[in-house]
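Participant: this one's sequence-less:
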């Protein structure tokens with residue numbers, strides 16, 4: 001069968017399942033369990049003949065010869081038993097439940113998976129199928145899965161700027177469904193002729209992540225496995241631990257990340273009256289420059305500590321990280337002093353599944369201790385002002401980011417040239433600012449803009465009505481989110 005026909009076959013179950021209350025996320029989870037078991041079964045047969053830690057009574061074959069209520073009961077038992085396993089097997093089945101309550105529909109999905117030999121398919125085919133389902137799941141606003149899915153064109157642009165090298169380690173302390181790992185893997189395979197040792201290192205010793213949400217961690221592990229990263233019986237390289245709790249046990253060559261949206265870290269607990277309450281989490285880390293409950297500022301500090309002295313980072317951060325006072329100012333000053341914070345990409349709204357997000361990518365290189373600040377100048381590319389993207393009608397694609405990649409000059413960023421010139425090219429989007437200029441700004445703000453917003457100045461050149469409507473929706477939802485944070489803070493005060 002062709003790739004397209006297999007993709008179509010996998011997708012064909014989405015609508016019937018939705019009709020009986022099984023959403024994309026639930027279908028994706030069940031597909032993960034079943035696909036993992038089917039591929040394990042294929043590995044156990046010739047020519048592989050591998051012995052895998054799956055009890056015979058709970059293997060793939062145990063599912064294919066049962067129907068009706070017997071199948072439903074056995075499947076529930078299988079999920080429960082495998083969740084107690086060690087390694088990747090246990091992580092895949094952690095907190096697993098059967099969400100397909102119709103035994104006939106469950107049998108059809110099993111038959112569909114059983115009819116294919118998944119190991120003979122290329123990693124790109126299996127990966128495309130799974131990535132397609134992940135993106136579709138992210139589009140489902142009600143599920144909230146969008147917060148774990150970074151736009152793939154943005155990830156690819158970040159990787160192409162950093163240009164990771166073979167035999168070096170790559171980490172993501174909030175890895176979601178593994179998008180940064182996959183893009184880095186693809187880049188390394190496409191741009192290098194890897195020998196046996198390099199391929200082994202890439203498969204088993206390159207990637208390290210954290211993901212505290214069990215369901216998302218499961219999707220990440222399966223996504224990587226289908227893309228040929230890790231193995232069915234290898235050690236788990238995505239930790240379920242909260243990355244911010246303590247310093248990383250090791251340092252890495254690269255950190256590529258999009259830490260979770262939402263300004264504050266909090267934990268939910270039950271008080272003496274049996275009511276649910278939220279408590280802001282403040283991480284008291286000796287290796288942090290500032291103590292704060294601001295989640296993004298904590299991630300920026302943590303990522304800096306994760307890097308080797310020669311390490312490089314590319315991190316998606318919301319605007320508040322660039323301008324907020326107090327702890328924010330402290331973190332920015334220290335980042336400018338101890339690392340070379342050389343590039344900021346200002347992102348447009350309308351590219352994330354969470355509405356109203358105003359974000360940026362900061363690129364910085366870690367450095368050894370020094371009396372003088374390492375950052376000499378910060379280059380800013382403004383891809384926000386007068387740019388309009390929507391998820392459906394005008395989604396972000398890699399082509400619109402190629403100009404930024406060209407300006408970034410990944411091959412030698414010390415040969416950059418400004419596009420902006422106040423006299424000859426005031427519309428230029430690429431501009432540099434000296435360390436002295438930034439330090440002199442109020443609160444050492446890195447929220448820098450110089451272009452005029454045409455929508456405010458030219459009434460004859462307004463965006464299309466649907467773009468205006470999209471902006472209104474985003475602003476309203478961002479405002480609502482701010483009100484929710486205020487209400488939560490008020491309700492948790494004694």
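Facilitator: Received it, and whenever you're ready, just let me know what you need. This is a predicted model, so every value here is computed, not measured. Numbering: from 1, shown residues only.

Participant: where does pLDDT dip in the stretch 1-150 of the chain?
Facilitator: Flagging of the stretch 1-150 of the chain using pLDDT under 70 yields the residue ranges 1-4, 137-149.

Participant: all helices for it, in order.
Facilitator: For the stretch 1-150 of the chain, the helices defined by DSSP state H, counting those that start in this stretch cover 3-11, 14-19, 24-43, 61-64, 68-82, 87-92, 103-114, 123-139.

Participant: so which of those is nearest residue 318?
Facilitator: Residue 318 lies closest to helix 123-139 among these, at 18.4 Å (CB to CB). For the C-beta atoms, the positions are set from N, CA and C on the backbone; glycine is no exception.

Participant: hmm, residue 156 is touching residue 398, no?
Facilitator: Yes. Counting by CB atoms under 8 Å, residue 156 does reach residue 398; the two are 5.5 Å apart.

Participant: any chance you could map the strands in the chain?
Facilitator: 170-172, 207-210, 238-239, 252-257, 266-270, 276-280, 307-318, 339-346, 359-366, 377-382, 430-434 (DSSP state E).

Participant: parallel or antiparallel, list what pairs with the third one.
Facilitator: Paired neighbours of strand 238-239 in the sheet (DSSP bridges): strand 207-210 (parallel).

Participant: got the domain ranges for the chain?
Facilitator: With domains defined by automatic domain parsing, the chain comprises 3-132, 242-476.

Participant: and these as JSON lines, adding distance to residue 161 and mean neighbour count?
Facilitator: Shown next, in JSON lines, are these (distance: least, CB to CB, whole Å; neighbours: other CB atoms under 10 Å):
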{"stretch": "domain 3-132", "distance to residue 161": "22", "mean neighbour count": "16"}
{"stretch": "domain 242-476", "distance to residue 161": "5", "mean neighbour count": "17"}
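
Participant: can you list those domains in TSV and add distance to residue 230?
Facilitator: Shown next, in TSV, are the domains of the chain (distance: least, CB to CB, whole Å):
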stretch	distance to residue 230
domain 3-132	7
domain 242-476	17
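
Participant: and the ones you listed: which comes nearest residue 183?
Facilitator: domain 242-476 (7.9 Å).

Participant: between the domains of the chain, which gets nearest to residue 168?
Facilitator: domain 242-476 (3.8 Å).

Participant: how far out from the middle of the chain is the closest one?
Facilitator: Mean C-alpha position of domain 242-476 versus that of the full chain (CA atoms, centre = their mean, to the nearest Å) differs by 15 Å.

Participant: hmm, back to that, figure out which of the domains of the chain is closest to residue 235.
Facilitator: Closest among the domains of the chain, using CB to CB: domain 3-132, at 6.1 Å.

Participant: chain center to that closest one, what's the gap?
Facilitator: Chain-centre distance of domain 3-132: 24 Å, with CA atoms, centre = their mean.

Participant: low-confidence ranges in the stretch 351-494 of the chain?
Facilitator: Along the stretch 351-494 of the chain, the model assigns pLDDT under 70 to residues 353, 355, 455-468, 470-471, 474-475, 477-478, 481-482, 485, 488-489, 491-494.

Participant: and if you look at the stretch 201-350 of the chain?
Facilitator: In the stretch 201-350 of the chain (pLDDT under 70), the answer is 262-280.

Participant: who touches stretch 49-64?
Facilitator: Contact with stretch 49-64 is made by 34, 37-38, 40-41, 43-44, 71, 74-75, 77-78, 81-82, 85-87, 89, 110, 114, 232-233, as judged by CB atoms under 8 Å, 6 or more residues apart in numbering.

Participant: now do 6 Å
Facilitator: Residues from elsewhere that reach stretch 49-64 (CB atoms under 6 Å, 6 or more residues apart in numbering): 37, 38, 40, 41, 43, 44, 78, 81, 82, 110, 114, 233.

Participant: could you dump those into TSV and include distance to residue 327?
Facilitator: TSV is the format used below for the contacts of stretch 49-64 (distance: CB to CB, whole Å):
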residue	distance to residue 327
37	47
38	49
40	47
41	52
43	49
44	53
78	48
81	47
82	44
110	52
114	55
233	44
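
Participant: quick one: residues contacting residue 251.
Facilitator: Taking CB under 6 Å, 6+ apart as the criterion, residue 251 is in contact with residue 308.

Participant: same question, residue 78
Facilitator: Applying CB under 6 Å, 6+ apart to residue 78 gives the contacts residue 58.

Participant: can we see that at 8 Å?
Facilitator: Contacts for residue 78 (CB under 8 Å, 6+ apart) come out as 58, 62, 63.

Participant: same check on residue 428?
Facilitator: 418, 419, 420, 421.

Participant: which among these gets closest to residue 345?
Facilitator: Nearest to residue 345 among those is residue 419, at 13.9 Å by CB to CB.

Participant: count of neighbours near residue 238?
Facilitator: When neighbours are defined as other CB atoms under 10 Å, residue 238 has 22 of them.

Participant: give the bridge partners for it, please.
Facilitator: The residues listed as beta-bridge partners of residue 238 by DSSP bridges are residue 209.

Participant: separation between it and residue 247?
Facilitator: Going from residue 238 to residue 247 by CB to CB, to the nearest Å gives 18 Å.

Participant: distance check, the residue nearest to residue 373 when sequence neighbours are not counted against residue 312.
Facilitator: Distance criterion CB to CB, 6 or more residues apart in numbering; nearest residue to residue 373, sequence neighbours excluded, is residue 337 at 4.4 Å. For residue 337, the distance to residue 312 equals 17 Å [CB to CB].

Participant: check residue 409 too.
Facilitator: To residue 312, residue 409 is 15 Å away according to CB to CB.

Participant: still on that earlier bit, go through the helices of the stretch 1-150 of the chain and name the closest to residue 257.
Facilitator: Using CB to CB, these put helix 123-139 closest to residue 257, at 17.3 Å.

Participant: quick one: the closest one to helix 3-11, angle?
Facilitator: Helix 123-139 and helix 3-11 are oriented at 40 degrees to each other (axes from the mean of the first three to the mean of the last three CA atoms, to 10 degrees).

Participant: re earlier: ok, which of the helices of the stretch 1-150 of the chain comes nearest residue 227?
Facilitator: With CB to CB as the measure, helix 123-139 is the member of the helices of the stretch 1-150 of the chain nearest residue 227 (4.3 Å).

Participant: packing partners of the closest one?
Facilitator: If you count contacts as 3 or more CB pairs under 8 Å, 6 or more residues apart in numbering; DSSP states H and E, helix 123-139 packs onto helix 3-11, helix 24-43, helix 214-226.

Participant: in a markdown table: the helices of the stretch 1-150 of the chain, plus distance to residue 49.
Facilitator: Shown next, in a markdown table, are the helices of the stretch 1-150 of the chain (distance: least, CB to CB, whole Å):
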| stretch | distance to residue 49 |
| --- | --- |
| helix 3-11 | 26 |
| helix 14-19 | 35 |
| helix 24-43 | 9 |
| helix 61-64 | 16 |
| helix 68-82 | 22 |
| helix 87-92 | 19 |
| helix 103-114 | 20 |
| helix 123-139 | 21 |
